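S.K.: need a structure here:
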Amino acid sequence: MHIESYLGRNDLFMGLGLQTIERIAKEFQRITVKAGELIFAEGSRGDSYYLIATGEATVLKGSGVGQRELQRLGPGDGFGEMALVADEPRSATVKAVTDMELLSLSREHFVVLMDQEARFAQRILRLLSQRLRQTNQVATLDLLRAHQGLIISLAELAESRDADTGAHLYRVRDHCTLLAKLMSEDARFKDQVNEDFIEAIYYVSPLHDIGKVSIPDAILKKQGKLTDEEFEIMKTHTVVGGRALETVLRYCDLRMFRLARDIVLCHHERYDGKGYPAGIRGDEIPLAARIMSIADHYDALRSERVYKAAFTAEAAAQNLHEETGKRFDPVVAGIMLAHITQFEDIHEQYTDMDKRPDKHAGYS
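M.R.: Next comes the predicted model:
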């Protein structure tokens, strides 16, 4: 097939006119590449634009065990223009998957073409915008997955010292997420609880007791009521955990981790001001912590412990009623109680420890 035919079917060159395409085609060179060979490496200087005539290539990011495939390219696909336009090193590696025939346009001819053909330049800019958005989305998703994996690992590490907690992390996570979703549908919270808030509370709520890593086993695993002195030590887990999140925030000041700090530090504060560690009350308590407080308490009521039997669903709901306005924000508690059967559904879903369906969360 003639080079003009390949160009005429490519989005960048289509519609430029026969004479223009014939002129451009003369500047392209045909290149053959064997399967497994590099076309160019990440970090190398961009010297050419490429158009695939035959064969298949893979776009790779990173190196060694951390290398991952971003996409596959086939006949008609072009690549390599970002480094030419930005005059920066290649942002990824491209390698031949099969034997290939490529059409190559040098940097010099590419720049001249952009200068002389306004329609071509406009298409290049549009393509660059699309590529940048895709790159940012991939980077953001990778970072979010890394954060999620680290958060769950740290939370499970803290919980692993307490054999009684079972699927507590996952139940409380889903309780918080469901409650936040229900609150987002209430006009009283429309300015506070949005999709970002819901997603953040899903990811960071498992960290609520991370500070328990500092509590001695003799206290954390005690089978029975703590003494006053032991309880004072137990209460320090909120401060220790909050301090750990402050350290995280010095390196990564994301809203997600600010919300995590609020939960870790304040989820044992009470609406009537009789909680700990600071004894703050009412709306002084961060909203995420008010959500965690009731979610954590409900799960504790419904769960069996070595020192108590599990409350029935009815008894747990009655306890929430009794603590509304005392331990819990009355508006938040009211929303949860109005939909209490949905929270009981979550409890039932996790009766089997290995069953983690994320039924209500919607994030993974």
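
S.K.: and the residue nearest to D296 when sequence neighbours are not counted, how many neighbours does it have?
M.R.: Closest residue to D296 in three dimensions, ignoring its sequence neighbours and counting by Cβ to Cβ, 6 or more residues apart in numbering: V172, at 5.6 Å. Bear in mind the C-beta positions are built from the backbone N, C-alpha and C, glycine included. By the criterion of other Cβ atoms under 10 Å, V172 has 25 neighbours.

S.K.: check which helices and strands the helix or strand hosting V172 sits against.
M.R.: For V172, the element it lies in under DSSP states H and E is helix 168-184. Counting contacts by 3 or more Cβ pairs under 8 Å, 6 or more residues apart in numbering; DSSP states H and E, helix 168-184 is packed against helix 118-159, helix 195-204, helix 287-302, helix 330-338, helix 340-349.

S.K.: worst average pLDDT in those helices?
M.R.: Mean pLDDT is lowest for helix 118-159 among the helices and strands packed on helix 168-184, at a mean of 66.

S.K.: what comes up buried for stretch 213-227?
M.R.: The neighbour-count criterion (16 or more other Cβ atoms under 10 Å) identifies V213, S214, I215, I219, L220 as the buried residues of stretch 213-227.

S.K.: which two of these have the greatest separation?
M.R.: Spanning the widest gap among these are V213 and I219, at 12.7 Å by Cβ to Cβ.

S.K.: can you tell me which of the buried residues of stretch 213-227 is nearest A288?
M.R.: V213 (21.1 Å).

S.K.: quick one: the strands in the stretch 1-150 of the chain?
M.R.: When assigned using DSSP state E, counting those that start in this stretch, the strands of the stretch 1-150 of the chain occupy the ranges 29-33, 38-40, 48-54, 57-61, 68-73, 78-79, 93-96, 100-106.

S.K.: I'd like the average pLDDT over the first one.
M.R.: If I follow you right, that is strand 29-33. Taken as a whole, strand 29-33 carries a mean pLDDT of 93.

S.K.: I'd like the numbering to begin with 803 instead of 1 from here.
M.R.: I'll keep to 803 as the first residue from here, and by that count the last item is strand 831-835.

S.K.: quick one: list the elements packing against it.
M.R.: Packed against strand 831-835 by the contact rule (3+ Cβ pairs under 8 Å, 6+ apart) you find strand 902-908.

S.K.: so what does the strand it packs on touch, helix or strand wise?
M.R.: strand 831-835, strand 850-856.

S.K.: partner strands of the last one and their direction?
M.R.: In other words, strand 850-856. Under the criterion DSSP bridges, strand 850-856 sits next to strand 880-881 (antiparallel), strand 902-908 (antiparallel) in its sheet.

S.K.: could you give the angle of that strand to strand 831-835?
M.R.: Our comparison of strand 850-856 with strand 831-835, counting by axes from the mean of the first three to the mean of the last three Cα atoms, to 10 degrees, yields an angle of 70 degrees.

S.K.: got the CA positions of strand 850-856 in CSV?
M.R.: These are the backbone C-alpha positions of strand 850-856, laid out as CSV (Å, rounded to 0.1, in the frame of the first residue of the first chain):
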residue,chain,number,x,y,z
SER,A,850,10.5,11.1,15.0
TYR,A,851,6.7,10.6,14.7
TYR,A,852,5.6,7.1,13.8
LEU,A,853,2.6,5.7,12.0
ILE,A,854,2.0,1.9,12.1
ALA,A,855,1.5,0.3,8.7
THR,A,856,1.5,-3.3,9.8
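
S.K.: what is the mean pLDDT for stretch 1105-1121?
M.R.: 88.

S.K.: buried ones in the helix holding V974?
M.R.: Applying a neighbour-count criterion of 16+ other Cβ under 10 Å, the buried positions in helix 970-986 are 970-985.

S.K.: centre of the chain to it, how far?
M.R.: Taking Cα atoms, centre = their mean, to the nearest Å, one finds helix 970-986 lying 17 Å from the centre of the chain it belongs to.

S.K.: phi first, then psi, for E919.
M.R.: Here the main-chain torsion angles of E919 (degrees, to the nearest 10) amount to phi -120, psi 100.

S.K.: list the contacts for it?
M.R.: Each residue near E919 by Cβ atoms under 8 Å, 6 or more residues apart in numbering is listed here: L818, T822.

S.K.: could you do L1067 as well?
M.R.: For L1067, the contacting residues are T1040, V1041, G1043, G1044, L1047, P1079, A1091, by Cβ under 8 Å, 6+ apart.

S.K.: next: A1046.
M.R.: Under the criterion of Cβ under 8 Å, 6+ apart, the neighbours of A1046 are I1012, G1013, V1066.

S.K.: now render those as CSV, adding distance to A859, neighbour count and secondary structure.
M.R.: Shown next, in CSV, are these (distance: Cβ to Cβ, whole Å; neighbours: other Cβ atoms under 10 Å; DSSP: H, G, I helix; E, B strand; the rest coil):
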residue, distance to A859, neighbour count, secondary structure
I1012, 45, 25, helix
G1013, 50, 23, helix
V1066, 47, 28, helix
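
S.K.: now pLDDT too, for those, in CSV please.
M.R.: Conversion of the contacts of A1046 to CSV gives the following (pLDDT from 0 to 100):
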residue, pLDDT
I1012, 87
G1013, 88
V1066, 95
